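Asks: A predicted structure for the sequence below; I have some questions about it.
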Amino acid sequence: MATLYAAETAVLGTTPPGKLEAKNQGATTVVYTATITLASQTTSDTIVIAQVPENLRFAYGMLNSTVSLGTSTIAIGIAGATGKYRAAATFTATQTPTPFGVVAATNAATAAGGETIFITIATASLPASGTLDVQLHFFKA
């Protein structure tokens, strides 16, 4: 049976075994939390949820809401790439923490100078009441 290695652990298959990079194994996690009071925010609105410094690597995000967002779609991203972390989609789960993440953003370092991360609302306004919680999990490169 063959022993195979992930890209990040390939150095373990060398002789002598190499050292794993901290950015890939055992890195420190940094979490950004945003609580949004839903109040019929419209499709022309954006909601800033984090200011993240450069060189953090995205792991995943979590959404949780007290109410369904109905037909409203939300994307999470940055200027020029509004769906960088979550492509525009509905979110109808209630009281159920739900992970999200776009593969291209996972393990990618944030841009030089950092990033202002925001929610873009599309299709329909957000509900008139309720709470939406967003967590963004990054690890230090």
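Replies: Structure's in. What do you need?

Asks: number of nearby residues for Ser43?
Replies: If you look again at residue 43, you'll see it is Thr, not Ser. When neighbours are defined as other C-beta atoms under 10 Å, Thr43 has 14 of them. Every C-beta, even on glycine, is put in place using the N, C-alpha and C of the backbone.

Asks: Likewise for Glu21?
Replies: Here the neighbour count serves as a burial measure; for Glu21 (other C-beta under 10 Å) it reads 12.

Asks: wait, is it part of a helix?
Replies: No. When DSSP: H, G, I helix; E, B strand; the rest coil is applied, Glu21 is found to be coil, with no helix at that position.

Asks: Now for Leu63: which residues touch it?
Replies: Remark: with contacts taken as C-beta atoms under 8 Å, 6 or more residues apart in numbering, Leu63 is in contact with 86, 91, 93, 97-98, 100, 132-134.

Asks: Now a ChimeraX select for only the buried ones of these.
Replies: Selecting only the buried members of the contacts of Leu63 in ChimeraX, with burial defined as 16 or more other C-beta atoms under 10 Å, works like this:
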select :86,91,100,132,134
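
Asks: Pick out whichever of the contacts of Leu63 sits closest to Ile117.
Replies: Taking C-beta to C-beta as the measure, Ile117 sits nearest to Val134 out of those, at 9.0 Å.

Asks: So for the closest one, what's the nearest residue that isn't a sequence neighbour?
Replies: Closest residue to Val134 in three dimensions, ignoring its sequence neighbours and counting by C-beta to C-beta, 6 or more residues apart in numbering: Ala34, at 4.5 Å.
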